[in-house]
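**Q** Got a sequence here, can you model it:
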Amino acid sequence: MRIFFAGATGAIGRLLLPQLLSEGHTIIATTRSDRGAQQLREAGAEAVQLDVFDRAAVAETVRAAAPDAVMHQLTALGELDFAANSRIRIEGTRNLVDAALAAGVERIVAQSIAWVYRPGNRPAAESEPLDRDAADPRGRTIAAVDALETASAELPQHVILRYGALYGPGTWYSRDEMVAGRLRRGEIPADDAVTSFVHVEDAAQAAAQALEWPSGTYNVVDDEPAAARDWVPVLAEVFGATVPEPTAGGQAWERGADNARASAQGLKLRYPSWREGFQSLR
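**A** Predicted coordinates:
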């Protein structure tokens, strides 16, 4: 399969790219920098320097690539630029989808997130509605996710991966990154808020498999949604931070997500629970 891969140098992309190449796919991968292009070529992909906000350039690049599928793993989360990340979800996705439609591409796999559901008292299934009435700043996030998912669904074959909180190399949840620092400063409460996690290796594996999944939306999360009072002490100990005392609190939308639909497609997680996954971060 010829795959147009946007976001191949990100946390998931760096793991997904060699996997796709090893499976025999031809990869046309995008990057914004000379260094990124060099890395992509060294990995075995065809590298294209591209600004996803340049609508005409995206259209021409996708047309020239003539791919069978678009792999959309673009974010700006590594730079903690949430405004740019929303713009990627809205404008960048719109440009990729329109380019794919114009080029006759029928399949897209797109990265989304799993903490977008309305408040509830159990882990959310994909059939449940998005939290579209949420106040800002959450409201802005939901609107951007909604735009990404709605645009992606315009392609006849579309798989939207709602990832849980990513942990592992290259993510916020690794030894020298943002969450570790916040834990060491005592900024993350061990409260009732529920999170669904997924190791970045499992996220990449899901994206590779999703090229063959039926159209639809899938929560890509581990088997154990967890309250912060359970996972925060474990991660604090792994990172050498002071273990906080449990407290009450948390938002009603912090409920975790159910992974039954992805599991039914045969997704096997290397880390079925954050309990063993967090230990890999030592």
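
**Q** only C-alpha atoms for contact and neighbour calcs from this point on.
**A** Will do.

**Q** Work out for me the element residue 83 sits within.
**A** For residue 83, the element it lies in under DSSP states H and E is helix 82-87.

**Q** how far does that helix sit from the chain's center?
**A** Helix 82-87 sits 14 Å away from the centroid of its parent chain (C-alpha atoms, centre = their mean, to the nearest Å).

**Q** Against which helices or strands is that helix packed?
**A** Helices and strands touching helix 82-87, by 3 or more C-alpha pairs under 8 Å, 6 or more residues apart in numbering; DSSP states H and E, are helix 138-152.

**Q** Report the inter-axis angle for the next helix or strand after the helix it packs on versus helix 138-152.
**A** Later in the chain than helix 138-152, the nearest helix or strand by DSSP H and E is strand 157-163. Put simply, strand 157-163 runs at 160 degrees to helix 138-152, going by axes from the mean of the first three to the mean of the last three C-alpha atoms, to 10 degrees.

**Q** What mean pLDDT does whichever helix or strand comes after strand 157-163 get?
**A** Helices and strands here follow DSSP H and E; after strand 157-163, the next one along the chain is strand 165-167. Mean per-residue pLDDT for strand 165-167: 98.

**Q** again with stretch 35-51
**A** In this model, stretch 35-51 carries a mean pLDDT of 95.

**Q** likewise stretch 244-253?
**A** Averaged across stretch 244-253, pLDDT comes to 96.

**Q** What residues sit buried inside it?
**A** 244, 250, 253 (16 or more other C-alpha atoms under 10 Å).

**Q** Surely the last one is in a strand?
**A** No: counting by DSSP: H, G, I helix; E, B strand; the rest coil, one finds residue 253 to be coil, located in no strand.

**Q** hang on, the earlier thing: using a markdown table, lay out the buried residues of stretch 244-253 together with distance to residue 30.
**A** Converted to a markdown table, these look like this (distance: C-alpha to C-alpha, whole Å):
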| residue | distance to residue 30 |
| --- | --- |
| 244 | 42 |
| 250 | 39 |
| 253 | 35 |
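
**Q** hang on, the earlier thing: can you show me the CA trace of the helix holding residue 83 as CSV?
**A** Taking Å, rounded to 0.1, in the frame of the first residue of the first chain, the C-alpha atoms of helix 82-87 are listed here in CSV:
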residue,chain,number,x,y,z
PHE,A,82,-2.5,24.0,22.1
ALA,A,83,-3.7,26.7,19.7
ALA,A,84,-1.6,25.3,16.9
ASN,A,85,-2.8,21.8,17.8
SER,A,86,-6.4,22.9,17.4
ARG,A,87,-5.6,24.6,14.1
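
**Q** Now tell me what touches that helix from outside.
**A** Contacts made with helix 82-87 from outside it, assessed by C-alpha atoms under 8 Å, 6 or more residues apart in numbering, are listed as 75-77, 140-141, 144-145.

**Q** which one of the buried residues of stretch 244-253 is nearest residue 134?
**A** residue 253 (9.5 Å; C-alpha to C-alpha).

**Q** Phi, psi for the closest residue in space to the closest one that isn't next to it in sequence please.
**A** Excluding the flanking residues, the one nearest residue 253 by C-alpha to C-alpha, 6 or more residues apart in numbering is residue 119, at 3.9 Å. Residue 119 adopts backbone torsions of phi -60, psi 150, taken as degrees, to the nearest 10.

**Q** any idea how far residue 119 is from residue 94?
**A** Going from residue 119 to residue 94 by C-alpha to C-alpha, to the nearest Å gives 28 Å.
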